[in-house]
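Undergrad: got a predicted structure plus its sequence, pasted below:
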Amino acid sequence: MFMKCLGNTSSSKKQYQTVIEELSHQFSLAEIRKSTNNFDRKRLIGRGGFGEVYKGYLQHYAASDYIVAVKRFSVEHSEVFKNEIELLCQLRHPNCVSLIGFCSHKKEKIVVYEYMSNESLDRHLQRGELSWKQRLEICTGAARGLHYLHAGAKRTIIHRIVKPRTILLDDNMHPKLTGFCISVKGSRLMSKPKPIKVDVVAGTPGYMARELFTDDAITDKSDVYSFGMVLLEVVCGRKYITMPAEREFLEKPVEEKVDASIKGKIAPKCWEVFIDITKRCVMYEPDERPTMGEVEVQLEYALSLQEQADTNTNGDYTLFSTTVIHPGAELIDSTEDSDTEEM
Ligand SMILES: Nc1ncnc2c1ncn2[C@@H]1O[C@H](COP(=O)(O)OP(=O)(O)OP(=O)(O)O)[C@@H](O)[C@H]1O
């Protein structure tokens with residue numbers, strides 16, 4: 001479909017080209033080079049599985065420069081480049097990173113996104129610098145973005161690499177989902193999203209639902225599982241399932257594994273709602289997991305309970321240790337043995 005949009009031989013190709021051009025801007029390589037000072041290493045802000053990301057400065061008519069993120073895909077990943085633009089140019093949501101444009105010049109495949117100045121969620125978790133309320137707000141926003149992908153666009157979109165690293169934070173610490181390179185689009189939206197056939201197992205070990213290793217079709221519920229793993233990481237301040245799995249860690253109640261920097265800050269009523277929805281997200285059976293719509297609502301509710309509790313106390317709370325979340329041994333074994341590509 002994307003190839004059609006870049007081609008210029010038939011009238012239908014020309015028509016599609018117009019649609020894509022209306023939805024996103026095509027930059028010349030010269031413009032991209034200028035914006036990144038010719039891919040200056042000092043402008044490099046990150047490196048992912050598909051290429052390098054640079055900070056770029058673009059001019060907007062007479063106004064001063066504005067900052068963008070410029071992802072330069074490595075040559076072997078031009079297929080995922082097409083996929084990412086095709087999806088992103090049709091998405092509009094405050095919790096999904098915006099596409100500014102793209103550049104396709106011979107072997108150079110480049111995507112230009114809005115710049116997210118506050119890095120990814122995983123970096124903040126590693127530094128233990130987010131309050132509990134900030135963590136809840138970020139999770140609620142990310143849930144909204146994922147709900148939109150599953151049920152708010154014309155077709156269901158399954159993200160496939162939901163993890164703290166693909167949740168970026170803007171100037172105001174508002175979260176936006178990124179990393180749509182291997183996302184898939186399903187049929188037109190129905191009351192229940194239909195499974196989407198995929199050719200390869202893909203994702204990041206530690207966040208992948210067990211059915212991804214056995215089924216050739218995926219559903220929104222595998223993203224829900226990954227989101228549940230994100231919720232656990234947000235509470236514990238570390239990856240919940242590591243490779244190899246630390247069974248001793250998994251067998252301890254979650255309440256005993258709460259990140260030291262937020263210990264005593266979680267109101268019991270908020271926790272009850274939060275941990276209940278988290279447990280349901282990581283259920284073994286996909287059908288038993290909630291939709292992202294439910295997750296969003298429950299996280300909003302948990303946040304309101306936390307705010308109510310904080311107005312009445314000085315914020316020194318105790319949680320009782322009762323919740324053991326130990327995703328099935330089969331799941332851990334299958335992810336340990338798999339040769340899944342890490343994204
Ligand atoms: N829009 C953006 N604004 C600011 N920084 C960004 C943006 N997009 C990506 N980055 C930075 O570049 C890094 C690499 O991003 P990229 O999307 O290539 O891979 P990733 O999602 O981190 O990992 P992977 O591709 O392996 O799943 C990110 O971790 C982030 O620090």
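TA: The structure has been received and is ready for your questions. The structure displayed is predicted, hence computed values, not measured ones. Residues are numbered from 1 along each chain as shown.

Undergrad: quick check: bridge partners of the closest residue to D65 other than its chain neighbours?
TA: If the residues on either side of it in the chain are set aside, D65 comes closest to Y57, at 4.1 Å by Cβ to Cβ, 6 or more residues apart in numbering. Every residue, glycine included, has its C-beta placed from N, CA and C. Beta-bridge pairing of Y57 under DSSP bridges involves I67.

Undergrad: and Y57, what does it touch?
TA: When contacts are counted by Cβ atoms under 8 Å, 6 or more residues apart in numbering, Y57 touches S35, D65, Y66, I67, V68.

Undergrad: so where is the protein shaky, pLDDT-wise?
TA: Judged by pLDDT under 70, the chain has its weakly predicted residues at 1-22, 61-63, 188-191, 193, 328-343.

Undergrad: what residues does it put near the ligand?
TA: 45-51, 53, 69, 71, 97, 113, 115-116, 119-120, 161, 165-166, 168, 178-179, 343 (Cβ under 6 Å from any ligand atom).

Undergrad: what helix or strand is I110 on?
TA: strand 108-114 (DSSP states H and E).

Undergrad: ok, that strand: who's next to it in the sheet?
TA: If you go by DSSP bridges, strand 108-114 pairs up with strand 66-73 (antiparallel), strand 99-105 (antiparallel).

Undergrad: are any of the contacts of Y57 buried, and if so which?
TA: With neighbours counted by 16 or more other Cβ atoms under 10 Å, these contain buried members at S35, V68.

Undergrad: closest one to the ligand out of the contacts of Y57, please.
TA: For those, the closest approach to the ligand (Cβ to the nearest ligand atom) belongs to V68, at 7.8 Å.

Undergrad: packing partners for the very next helix or strand once past the strand holding I110?
TA: Next along the chain after strand 108-114, taking DSSP H and E as the criterion, comes helix 121-127. Counting contacts by 3 or more Cβ pairs under 8 Å, 6 or more residues apart in numbering; DSSP states H and E, helix 121-127 packs against strand 167-169, helix 220-236.

Undergrad: and the first one, how far out from the chain's middle?
TA: Centroid separation for strand 167-169 versus its chain: 8 Å, with Cα atoms, centre = their mean, to the nearest Å.

Undergrad: kindly report the same for the longest one.
TA: Centre-to-centre, helix 220-236 and its host chain are 10 Å apart (Cα atoms, centre = their mean).

Undergrad: other SSEs contacting that helix?
TA: Helix 220-236 packs on helix 121-127, helix 132-151, strand 155-158, helix 268-281, helix 292-312, going by 3+ Cβ pairs under 8 Å, 6+ apart.

Undergrad: is it true that G186 lies in a helix?
TA: No - judged by DSSP: H, G, I helix; E, B strand; the rest coil, G186 forms no part of a helix; its state is strand.

Undergrad: what number of residues lie near the residue nearest to it when sequence neighbours are not counted?
TA: Nearest-residue entry for G186: T156, 4.0 Å, with adjacent residues in sequence omitted and distances by Cβ to Cβ, 6+ apart. As a burial measure, T156 scores 23 neighbours (other Cβ atoms under 10 Å).

Undergrad: check contacts around T156.
TA: So T156 contacts L149, H150, K185, G186, S187, L189, P193, K194, I196, D220 (Cβ under 8 Å, 6+ apart).

Undergrad: buried only: go through those for me.
TA: Burial by neighbour count, 16+ other Cβ under 10 Å: within the contacts of T156 this picks out L149, H150, K185, G186, P193, I196, D220.

Undergrad: identify the bridge partners of the closest residue to the third one other than its chain neighbours.
TA: With Cβ to Cβ, 6+ apart as the criterion, K185 has its nearest non-adjacent residue at 4.9 Å, and that residue is R155. With DSSP bridges as the criterion, R155 is bridged to R188.

Undergrad: do you know how far R155 is from A202?
TA: 19 Å (Cβ to Cβ, to the nearest Å).

Undergrad: now V97
TA: V97 is 20 Å from A202, by Cβ to Cβ.

Undergrad: higher neighbour count, the two?
TA: More neighbours surround V97 than the other of V97 and A202, with 24 against 19 (other Cβ under 10 Å).

Undergrad: the more buried one contacts L168, doesn't it?
TA: Yes - in this structure, V97 is within contact of L168 by Cβ atoms under 8 Å, at 6.3 Å.
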